[in-house]
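Asker: The following comprises the amino acid sequence and a computationally predicted model.
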Amino acid sequence: MSTGVNAADRRRDRIALAIFAAGALLYLYAFNGMHELSTQHLVTVVPHEQVQRFTRFWEISRAGIVIAAIGALAMAWSYMRYRLRPAEPR
């Protein structure tokens, strides 16, 4: 059995959650941008402008997934660090 949760544990959890949330928000931003591209009437002067915008949103979505995965790994690391801490003697 491990000891109680201390301030450092809570700080690690908050940082990991913030990283995960940032990745999720980045992914949602890209998803909404791609959805807007697919539903709007496309009139462009520059050839391939919409393809370039879609590619940019695609890259942003992949970055969001990677950042969210890093946040999830940080959460798992924080949990394992807490669970593997030796118990205090009574």
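Answerer: Here it is on my side, so go on.
Asker: Which helix or strand contains residue 87?
Answerer: Under DSSP states H and E, no helix or strand contains residue 87.
Asker: and it, how many residues sit next to it?
Answerer: Using other C-beta atoms under 10 Å, residue 87 has 8 other residues around it. (Each C-beta comes from the backbone N, C-alpha and C, glycine too.)
Asker: do residue 77 as well
Answerer: 12.
Asker: where does this protein dip in pLDDT?
Answerer: Residues of the chain meeting the criterion pLDDT under 70: 1-3, 88-90.
Asker: So what's the gap between the lengthiest helix in it and the chain middle?
Answerer: Secondary structure of the chain read by DSSP state H shows that its longest helix is helix 49-83. Centroid separation between helix 49-83 and its chain, computed with C-alpha atoms, centre = their mean, to the nearest Å, is 4 Å.
Asker: Repeat that for stretch 15-25.
Answerer: Relative to its chain's centre, stretch 15-25 lies at 5 Å (C-alpha atoms, centre = their mean).
Asker: Renumber starting at 24 from here on
Answerer: Got it, the first residue is 24 from now on, which makes the last one we talked about stretch 38-48.
Asker: Contacts for that stretch, please.
Answerer: If you take C-beta atoms under 8 Å, 6 or more residues apart in numbering as the criterion, stretch 38-48 is touched by 86-95, 97-98, 100-101.
Asker: Just the buried subset of those residues, please.
Answerer: Taking 16 or more other C-beta atoms under 10 Å as the criterion, what is buried in the contacts of stretch 38-48 is 87, 90-91, 94, 97-98, 101.
Asker: Excluding chain neighbours, what is closest to residue 54?
Answerer: residue 84 (6.4 Å; C-beta to C-beta, 6 or more residues apart in numbering).
Asker: can you count the residues close to the one you found?
Answerer: 18.
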